[in-house]
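Asker: Coordinates for the following, if possible.
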Amino acid sequence: QVQLVESGGGLVQAGGSLRLSCAASGRTFDSYTMGWFRQAPGKEREFVAAISMSFGSPYYGDSTKGRFAITRDIRKNTVYLQMNSLKPEDTGVYYCAGGIADIITRSSAYTYWGQGTQVTVSS
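Answerer: Got it, this is the predicted structure:
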């Protein structure tokens with residue numbers, strides 16, 4: 001059974017940092033794309049970042065470029081999202097996703113999803 005388990009969310013003040021982790025199990029994700037999405041109350045799920053597990057090449061959404069960094073550890077089957085200079089508008093539930101994503105910014109392109117971790121940024 002494939003599982004993606006996120007951790008590292010919490011409450012932080014604006015300008016602070018958090019590091020999210022996504023541990024994958026049940027299969028290898030070597031050839032997959034792993035992504036992070038977020039969803040704020042009343043809003044649609046938004047693409048945050050993605051990384052190719054094979055090549056390590058990152059890709060970012062416009063709202064997080066320059067502040068967030070996505071990395072991966074193939075041996076641990078784990079993906080990380082380092083979030084710096086956090087803003088109140090970064091608040092939401094952050095989801096980890098994995099799949100052979102042809103369009104990496106599209107949530108429907110991912111097969112596997114975690115349960116999400118809450119990130120709250122206070123002003």
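Asker: Buried ones in stretch 60-77, by neighbour count?
Answerer: Buried residues in stretch 60-77, counted by 16 or more other CB atoms under 10 Å: Y60, G61, T64, F68, A69, I70, R72, N77. C-betas here are computed from N, CA, C, even on glycine.
Asker: Tell me which of these fall in strands.
Answerer: Y60, F68, A69, I70, R72 (DSSP state E).
Asker: how about the residues you listed in a markdown table, adding distance to A101?
Answerer: Compiled in a markdown table, these are given as follows (distance: CB to CB, whole Å):
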| residue | distance to A101 |
| --- | --- |
| Y60 | 15 |
| F68 | 18 |
| A69 | 19 |
| I70 | 13 |
| R72 | 14 |
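Asker: how close does A101 get to M34?
Answerer: According to CB to CB, to the nearest Å, A101 stands 9 Å off from M34.
Asker: tell me, what's touching these two both at once?
Answerer: Contact criterion CB atoms under 8 Å, 6 or more residues apart in numbering; residues shared by A101 and M34: A50.
Asker: The two - which one has more neighbours?
Answerer: Shown here are A101 and M34; by other CB atoms under 10 Å, M34 has more neighbours (28 against 20).
Asker: show me where the protein has strands.
Answerer: 3-7, 10-13, 18-25, 33-39, 46-52, 58-60, 68-73, 78-83, 92-99, 112-113, 117-122.
Asker: and T105, which of those strands is closest to it?
Answerer: Of all the strands of the chain, it is strand 46-52 that lies closest to T105, at 4.2 Å by CB to CB.
Asker: can you state the direction angle for that closest one and strand 92-99?
Answerer: Counting by axes from the mean of the first three to the mean of the last three CA atoms, to 10 degrees, strand 46-52 points 40 degrees away from the direction of strand 92-99.
Asker: Strand 46-52 pairs with which strands, parallel or anti?
Answerer: strand 33-39 (antiparallel), strand 58-60 (antiparallel) (DSSP bridges).
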